[in-house]
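Undergrad: What would the 3D arrangement of this be:
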Amino acid sequence: MGSVPAPSRSKAEDEEDEEALVSQQPGQDVAKVPYMEVTGQDSVTCPTCRGSGCIPTEQVHELVALIPYSDQRLRPHRTKLYVLLSVLLCLLLSALGVFFLFPRGVQVKPAGIRVVQVWFDSHSSAVLLAITATLRISNSNFCWVALSSLSSQVQYMNTVVGQQQLSNVTSIQPLRDKLVNFTVKAELGGSLSYLYFFCTLPKVKVHNIVILMRTSVKLSYLGHSTQSTLETFHYLDCSSNSTAPALGTP
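TA: Numbering: from 1, shown residues only. Got it, this is the predicted structure:
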């Protein structure tokens, strides 16, 4: 018994089949292909995705992605340059910090007697003085300096005749000088009552006396305190008031 030949297709039907194949989009065919784990003798199925190609949502923050050691992302360019610039920047900032914050000395110098006021107490044969002296304080720091306390003592012939104590006096601006005035009241009486007759004697043309002023100042800046003590001798005219020329502040 002979075989039955297959029905022949017309040329028009063949052309329609080719156009249908060409009109199909590649993405649609790929999307229809299910994920398949390619395994062989030298490979195993992925334990995390279990062959599905998806990672469970609850394990997103638990899994670690590994990249090859030869990956270029592990070899950033200009690493040595960045490290060198970082080191230089740290050294520069440290040097600037030391330069601006390193404590420098504060100079305290006497600027003389500014005003002397004189009174006479005839009942006790005493000479009363109000002595206004001036200090010049030079701040060479890049920060404010506080003059936290000032004490002064006036002596005549090893006898303390007056003293003054001040606190929270003033502050000095960075890299500036400042003149600080203070007044000490002194009384020349008792064992020194002879000065009353000397200072009021009209026949004497010069009524100068020598006093010793011992002044101590306490300065605070940059978290620490320093103390300076000055001892100066001054000539005073105990017969009348006197005023020195005004001193200017730089």
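Undergrad: So for the helix ranked longest in the chain, mean pLDDT?
TA: Ranked by residue count, the top helix of the chain under DSSP state H comes out as helix 79-101. For helix 79-101, mean pLDDT is 91.
Undergrad: So which residues of this structure form strands?
TA: Ranges of strands in the chain, per DSSP state E, are 106-121, 126-139, 145-156, 159-172, 177-188, 208-221, 224-237, 242-243.
Undergrad: Can I get those in a markdown table including distance to Val98?
TA: Every C-beta, even on glycine, is put in place using the N, C-alpha and C of the backbone. As requested, these are exported to a markdown table (distance: least, CB to CB, whole Å):
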| stretch | distance to Val98 |
| --- | --- |
| strand 106-121 | 19 |
| strand 126-139 | 19 |
| strand 145-156 | 19 |
| strand 159-172 | 22 |
| strand 177-188 | 24 |
| strand 208-221 | 16 |
| strand 224-237 | 16 |
| strand 242-243 | 46 |
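Undergrad: Can you check which of these gets nearest to Val64?
TA: Among these, the nearest to Val64 by CB to CB is strand 224-237 (52.5 Å).
Undergrad: now for the closest one, which elements pack on it?
TA: Other helices and strands packing on strand 224-237, by 3 or more CB pairs under 8 Å, 6 or more residues apart in numbering; DSSP states H and E, are strand 106-121, strand 126-139, strand 208-221.
Undergrad: Just name the most buried of those strands.
TA: Highest mean neighbour count among the helices and strands packed on strand 224-237 (mean count of other CB atoms under 10 Å): strand 126-139, with a mean of 20.
Undergrad: Now that Thr215 has come up, it's in contact with Thr229, right?
TA: Yes - the pair Thr215 / Thr229 is scored as a contact, 7.1 Å apart, by CB atoms under 8 Å.
Undergrad: anything in contact with each of the two?
TA: The contact sets of Thr215 and Thr229 do not overlap (CB atoms under 8 Å, 6 or more residues apart in numbering).
Undergrad: Return the residue spatially closest to the spatially most central residue of the chain, with its sequence-adjacent residues excluded.
TA: With distances taken as CA atoms, centre = their mean, the residue of the chain nearest its centroid is Leu101 (7.1 Å). The shortest distance from Leu101 to any non-neighbouring residue, by CB to CB, 6 or more residues apart in numbering, is to Leu222 (6.7 Å).
Undergrad: What is the neighbour count of Val184?
TA: 21 (other CB atoms under 10 Å).
Undergrad: bridging residues for it?
TA: Beta-bridge partners recorded for Val184 (DSSP bridges): Ile131.
Undergrad: Check it and give its pLDDT.
TA: Confidence score, pLDDT, at Val184: 96.
Undergrad: and if you look at Thr249?
TA: Taking Thr249 on its own, its pLDDT is 49.
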